[in-house]
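1. Next come a sequence and a model predicted from it.
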Amino acid sequence: MSVATWAEHDGVPVLHLTGLEALGGVRAIFTGRRGGVSQRWGGGLNWSLSVGDRPEDVRENRRRTLAILGLAPGSAFMGGLVHGNRVVAVRADGCDPTDDSRNRADDVRVIPGADGLITDRQGIALVITAADCVPVYLYDPVRRVIGVVHAGWRGTVAGVAAEAVRAMREHYGCDPADIHAAIGPSIGPCCYEVDEAVAGPVRQHFGDGAEGLLRPSARAGRHMLDLWAANRLDLTSAGVGQVHVAGACTACQRDRFFSHRAEAGGAGRGAAIILLSQSVKGGSPWAPSRSCGQSPGDAADGP
């Protein structure tokens with residue numbers, strides 16, 4: 001079974017993290033660059049207000065995405081993203097979804113300074129945005145707890161994925177062995193060239209394990225960094241039972257994804273979204289209006 005599959009819902013193509021969705025009780029998607037109204041990207045589905053897009057276009061993009069999930073505006077909590085390792089439980093720290101007084105926007109509620117969100121609440125979505133950084137999805141089907149993490153290289157060496165696992169255990173009593181993780185679309189080891197300023201902290205954090213994460217680049221003094229393997233290593237070291245890797249490189253597949261590096265800093269942002277659902281084990285929790293291919297590996301062919 002593929003761990004990630006494209007499908008289109010009401011004109012919005014999204015990548016399903018089917019490795020998680022097949023467990024039942026969860027929806028996990030990553031939005032592509034198409035299906036929205038952002039004029040800067042010719043109908044792009046940009047989710048970020050900080051990349052020069054028109055606010056009204058971003059709000060409409062968010063509304064469309066939440067609508068295909070059956071959610072009204074205001075039902076999503078989004079990490080404020082500072083490339084750190086702070087993980088917030090959406091029930092504490094003033095972030096209870098019934099409290100409308102904090103950080104309320106028309107479409108989403110932003111949790112300042114958070115690169116990871118976790119919850120056991122149904123009816124809300126957890127969101128992080130990315131355009132090369134690694135989105136990590138977490139799901140404990142036993143305790144019915146979900147999480148999503150934003151792991152660029154700084155967050156990765158800060159151990160943000162493992163911190164989210166620790167927070168799920170602390171706040172909700174999750175056994176890490178019951179947690180399933182999925183690594184979503186992000187810049188792959190094929191394209192992520194870094195210098196020693198990045199490679200050094202990677203070696204410091206992973207120790208001997210860094211040998212399998214860095215390989216020499218064709219350019220002197222440079223390295224190719226595998227953030228997928230790095231986050232998988234952090235997750236398994238934290239005791240996570242299974243890690244699915246979508247294997248979709250945002251820099252390679254610019255027809256489907258935004259890429260900060262491939263677009264020289266001029267990219268929009270996709271959204272990694274996870275929420276609890278009522279679906280049963282073994283089937284997709286929602287039916288697509290049109291299939292867009294079987295796996296991210298053939299992403300160059302559409303949609």
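-> Noted; the coordinates are in hand.
2. can you map out the strands along the stretch 151-300 of the chain?
-> Listed in chain order, the strands of the stretch 151-300 of the chain (DSSP state E, counting those that start in this stretch) span residues 180-183, 193-194, 214-216, 223-225, 242-245, 270-276, 290-291.
3. got any ranges where the stretch 151-300 of the chain has weak pLDDT?
-> Counting by pLDDT under 70, the stretch 151-300 of the chain has low-confidence residues at 279-300.
4. what about the helices in it?
-> 153-157, 160-172, 196-206, 227-237 (DSSP state H, counting those that start in this stretch).
5. can I get those in JSON lines with distance to Thr31 and mean neighbour count?
-> Placement of C-beta: from N, CA and C, glycine included. JSON lines is the format used below for the helices of the stretch 151-300 of the chain (distance: least, C-beta to C-beta, whole Å; neighbours: other C-beta atoms under 10 Å):
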{"stretch": "helix 153-157", "distance to Thr31": "20", "mean neighbour count": "23"}
{"stretch": "helix 160-172", "distance to Thr31": "21", "mean neighbour count": "23"}
{"stretch": "helix 196-206", "distance to Thr31": "27", "mean neighbour count": "16"}
{"stretch": "helix 227-237", "distance to Thr31": "19", "mean neighbour count": "22"}
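6. and Val110, backbone torsions?
-> Backbone torsions of Val110, given as degrees, to the nearest 10, read phi -90, psi 130.
7. ok so Arg63 is a helix residue?
-> Yes: the assignment for Arg63 by DSSP: H, G, I helix; E, B strand; the rest coil puts it in a helix.
8. Counting neighbours, what do you get for it?
-> Close neighbours of Arg63, defined as other C-beta atoms under 10 Å, add up to 16.
9. Go ahead and confirm it touches Leu71.
-> No: when contacts are counted by C-beta atoms under 8 Å, Arg63 is not listed as touching Leu71 (9.6 Å).
10. Who are the contact partners of the residue lying closest to Gly152 once chain neighbours are set aside?
-> Closest residue to Gly152 apart from its sequence neighbours, by C-beta to C-beta, 6 or more residues apart in numbering: Cys133 at 3.8 Å. For Cys133, the contacting residues are His150, Ala151, Gly152, Gly155, Ser186, Ile187, by C-beta atoms under 8 Å, 6 or more residues apart in numbering.
11. For Thr129, see how far away Met78 is.
-> 7 Å (C-beta to C-beta, to the nearest Å).
12. Which residues are in contact with each of those two?
-> Taking C-beta under 8 Å, 6+ apart as the contact rule, Met78 and Thr129 touch no residue in common.
13. Tally up the residues packed near Arg222, please.
-> Look at Arg222: counted by other C-beta under 10 Å, it has 15 neighbours.
14. quick one: furthest residue from the center of the chain?
-> Relative to the mean C-alpha coordinate of the chain, counting by C-alpha atoms, centre = their mean, the farthest residue is Ala220 (32.0 Å).
15. Pro181 contacts Tyr137, doesn't it?
-> Residue 181: Ala, not Pro. Yes: using C-beta under 8 Å, Ala181 is in contact with Tyr137, at 6.6 Å.
16. For the residue nearest to Val87 when sequence neighbours are not counted, list the residues it contacts.
-> Leaving out its chain neighbours, the residue that sits closest to Val87 by C-beta to C-beta, 6+ apart is Gly116, at 3.5 Å. Gly116 makes contacts with 79, 85-88, 128, 147-150, 160-161, 163-164, 167, as judged by C-beta under 8 Å, 6+ apart.
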